[in-house]
Each structure stands twice: as structure tokens, then as C-alpha cells.
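[1] Kindly generate the corresponding structure for this input.
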Amino acid sequence: MQQLIAKADVLVEALPYIQKFQGQSILVKFGGSAMEEPAVVQGALRDLAFLAAAGLQPLLVHGGGKAISAELKKYGIEPLFINGLRYTCEKTIKVVDQVLHEKINRELLRFLQQDCGAEAAAVSGKNVLRCERISTPDLETGQPLDLGYVGRVVNVDTEQLGWILKRRQIPVITPLACDMNGQAYNINADMAACVIAAQMKVCKLVFLSDVPGVLQDPEDPSSLISSIYCEEIPEMARRGSISGGMLPKLESAAQAIAEGVGKVHLIDGRLKHALLLEIFTDQGIGTQILKK
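    Coordinates of the predicted model:
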């Protein structure tokens, strides 16, 4: 009986947060090697389904890095990353589209619908995101480096995504976009999540990954930085404190906050119920990005 009472107490403790966020949109970006662990993926999706059942309006943007790299190698294409962004040639964009849409998105959707009993909708980013081609600067010379078919989202079809949310469905979005001519582009999933979050005016943007948050020492999980101000990010990048895939993530997070997103959190998706702990408790479990 005491165990049952304890479970009821947990629900009661969550009530103020459920009431606070009911009807509000929360965008979750799921990626990293955590996506390679079925139990982690399933746990995160169950948490997402709980949010929807509790009256929140979650959106999901997923990556596919390791699965894409593995598929590329089957075609004899060696993955290449420049400043944390995947170089994407004409062959690569076709593989990226195939893996994201036919494999990862389909599997996430199936689990949400069949195992979690949630209403969800597959959304190809090509149908809701418009982009422009980008390059990236050489960190030593400052000269632009070509990335191939890699883009930056400039517009989000908020009406279509809003319509899905009104139907009480969870949009499961692939990080792809098209330019004005209909050419498909690979979009860094973190960057896509930030732009979608800003244009959808979500109250929270949560990154679920395979690290505890931003670490001072990438090899030491105990060196977690609990809070980072947006204004500190350029200097941290210059010093080399943040690099690789974390750099575009934090830069995009800062931009999202500047454009009105309430809060951005980077948390460890491998931690059981990490998403629920982040939203329904006051205790921080990762790194939060703030504006001074």
C-alpha cells in the first residue's frame, strides 16, 4: 500500500507543472548515439507520449547521424564532417533522405502509435521547412568552406505544424528542407530544431543526447556546466571549450532564445525519464542556456 501511496504522491507533485504547461508547445530534439539504444529510444518516446496525454503539445525533431554514416559506408561514401556539419554531396543527400524518412522516422512513429498509444504524424522537413544553402568558415583563415547540399532553415510552415498539434498529434519531423527550387538539403538537426522552436514559439526546447550536458572536460562527466549565458558562447568557441557538434548546437540555441524561445536545455537522454524530470521538477539535470 505504501508503494501505491508513494506513486500517487509523485502524480500530485507533478500537478502544478502539468497545469502550468498544459496547452503549451515543447519541442524535443532527439539524437546522438543514445538513438542506437532501443531501451533509451523507447523510454524517451514514452515520456513524450505522457506529455501529450497530460495536455502538452510536444513536437519531435530527430537526427540520424550514426545510421546515416553506416548507410553511406555501404555505398562506399566515407562520412566527412566540417565544423560539426556533415558534408553532403548529391549521392549523400539521397541516402540521408532514405535513412531519415524510411528507417528512423517510420520506426519512431510506429512505436509512438502502437506501443505508446499516442497520436503522431510523420512530417518530412521537405514539406514544412524552406532553406538556403550555407558554407562554414575555416576556423584558422576565416575563408568559407563548401558543405555541398547543406542548408539553413529560413522559414517554417507553422500553419501546417499547428494544424497537426490541434489534432492532438505529435509531429515527428525529419531534418531536411527544400530551397525555393525544390532542391532537397541536409539540415543539421540541432539547427532545424532551434528554428522550428523559435517560429512555433515553444516555451521549452529540450535536447536529448548521449552526454550529461555541456562539459568543461569532454572526458569527465563530472565537469558538467549547469548554466551557460548566450553571451559566453562565442568566447567559449574561440577558446576551444566547445567544438565539433556541440558548437552549432549552442550557437543555434542562443539564436532560438534571442528569437523568443523560453528556455533551452541539454540533457542526457540515457537517464530514465530525463524528459519528465526536466519538465515536471525544479531540479536541473543538464545544462540550461540562458540570456543575461
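[2] from here on, contacts and neighbour counts on C-alpha atoms
    Noted.
[3] Contacts only, for the residue lying closest to Leu112 once chain neighbours are set aside.
    Closest residue to Leu112 apart from its sequence neighbours, by C-alpha to C-alpha, 6 or more residues apart in numbering: Ala118 at 5.4 Å. Residues near Ala118 by C-alpha atoms under 8 Å, 6 or more residues apart in numbering: 49, 52-53, 112, 169-170.
[4] the helices in the stretch 51-200 of the chain, which residues?
    Using DSSP state H, counting those that start in this stretch, the helices of the stretch 51-200 of the chain run over 65-74, 90-98, 106-110, 125-128, 158-166, 189-200.
[5] So which of the ones you listed has the densest surroundings on average?
    Mean neighbours per residue, mean count of other C-alpha atoms under 10 Å, is largest over the helices of the stretch 51-200 of the chain for helix 189-200, with a mean of 25.
[6] Quick check: what element follows it along the chain?
    strand 204-209 (DSSP states H and E).
[7] and the next helix or strand after that next one, which strands flank it?
    Sequence order places strand 214-215 as the next helix or strand after strand 204-209, per DSSP H and E. Strand 214-215 has these partner strands in its sheet, going by DSSP bridges: strand 224-225 (antiparallel).
[8] contacts for the next helix or strand after the partner strand?
    Proceeding C-terminally, strand 224-225 gives way to strand 227-229 as the next helix or strand, assigned by DSSP H and E. Outside strand 227-229, the residues within contact range by C-alpha under 8 Å, 6+ apart are 287-292.
[9] Among those, which lie within strands?
    Cross-referencing the contacts of strand 227-229 against strands under DSSP state E gives 287-290.
[10] how far away is Gly63 from Met191?
    Plainly put, Gly63 is 11 Å away from Met191 if you go by C-alpha to C-alpha, to the nearest Å.
[11] Now Gly125: closest residue in space that isn't a chain neighbour?
    Leu176 is the one closest to Gly125 (C-alpha to C-alpha, 6+ apart), at 4.6 Å.
[12] Next up, the contacts around that neighbour.
    97, 124-126, 129, 184-187.
[13] Try it again at 10 Å.
    Taking C-alpha atoms under 10 Å, 6 or more residues apart in numbering, we find Leu176 in contact with 93, 96-97, 100-101, 124-131, 150-153, 184-189, 192.
[14] May I have the helix or strand where Ala44 lies as CSV, with CA atoms only?
    Using DSSP H and E, Ala44 maps to helix 38-53. What follows is helix 38-53, C-alpha atoms only, in CSV (Å, rounded to 0.1, in the frame of the first residue of the first chain):
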residue,chain,number,x,y,z
PRO,A,38,16.4,0.7,-28.2
ALA,A,39,15.6,1.0,-24.5
VAL,A,40,16.6,4.6,-24.4
VAL,A,41,14.6,5.5,-27.5
GLN,A,42,11.5,3.7,-26.2
GLY,A,43,11.8,5.4,-22.8
ALA,A,44,12.1,8.8,-24.4
LEU,A,45,9.1,8.2,-26.6
ARG,A,46,7.0,7.0,-23.7
ASP,A,47,7.8,10.3,-21.9
LEU,A,48,6.8,12.2,-25.0
ALA,A,49,3.5,10.3,-25.1
PHE,A,50,3.0,11.1,-21.4
LEU,A,51,3.4,14.8,-22.2
ALA,A,52,0.8,14.6,-24.9
ALA,A,53,-1.6,12.7,-22.6
